[in-house]
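Chemist: sequence? don't have it. structure:
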């Protein structure tokens with residue numbers, strides 16, 4: 001699977017989880033949030049450590065600019081994840097923060113898939129995207145395994 005396909009698959013999975021959480025009862029929302037956080041943490045990790053650096057190095061200035069914006073959006077999403085993770089399950093702030101997280105993630109995904117990815121398809125060879133995808137899949141597996149081990153799962 002190439003790098004873009006992997007990221008699109010991640011986007012779809014998180015979107016499904018966020019939609020499910022939006023329509024769930026509070027206990028179920030908290031359970032789903034843990035999955036959402038795990039997925040977003042792993043996704044951001046592979047983008048920031050492998051994907052974005054490669055694109056900045058091999059893409060043009062316009063691509064580099066949109067990547068910098070993506071990194072900033074990751075920072076914002078991580079802030080919401082930390083805040084949500086720190087809230088009590090019955091906090092009245094949980095559901096509204098989850099809604100804003102969903103909106104931020106949707107914006108980020110839309111920009112990546114509609115602006116960044118077409119630029120990448122124009123600038124980066126398919127072979128490079130395939131190789132990058134393999135590397136990103138392996139790193140994601142390692143990241144999820146280590147985060148599950150450290151959280152005692």
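Modeler: Cool, the structure landed. Please read these numbers as outputs of a predicted model, since none were measured by experiment. Numbers count the residues shown, from 1 in each chain.

Chemist: which regions of this protein lie under the pLDDT threshold?
Modeler: Where the chain drops to pLDDT under 70, the residues are 88-89, 149-153.

Chemist: Could you pull out the strands in it for me?
Modeler: Ranges of strands in the chain, per DSSP state E: none exist.

Chemist: Give the residue farthest from the middle of it.
Modeler: Distance from the centre of the chain peaks at residue 90, with 25.9 Å (C-alpha atoms, centre = their mean).

Chemist: what's the distance between the residue nearest to that one when sequence neighbours are not counted and residue 39?
Modeler: Nearest non-adjacent residue to residue 90, counting by C-beta to C-beta, 6 or more residues apart in numbering: residue 26, 6.9 Å away. Where C-beta positions appear, they are placed from N, C-alpha and C, glycine not excepted. According to C-beta to C-beta, to the nearest Å, residue 26 stands 20 Å off from residue 39.

Chemist: what's the closest non-adjacent residue to residue 99?
Modeler: In space, residue 99 is closest to residue 22, 6.9 Å off (C-beta to C-beta, 6+ apart).

Chemist: Surely that neighbour touches residue 103?
Modeler: No: with contact defined as C-beta atoms under 8 Å, residue 22 does not count as touching residue 103 (10.6 Å).

Chemist: returning to that earlier point: distance of the residue nearest to residue 99 from residue 62?
Modeler: On the measure of C-beta to C-beta, residue 22 and residue 62 end up 34 Å apart.

Chemist: and what of residue 106?
Modeler: 23 Å.
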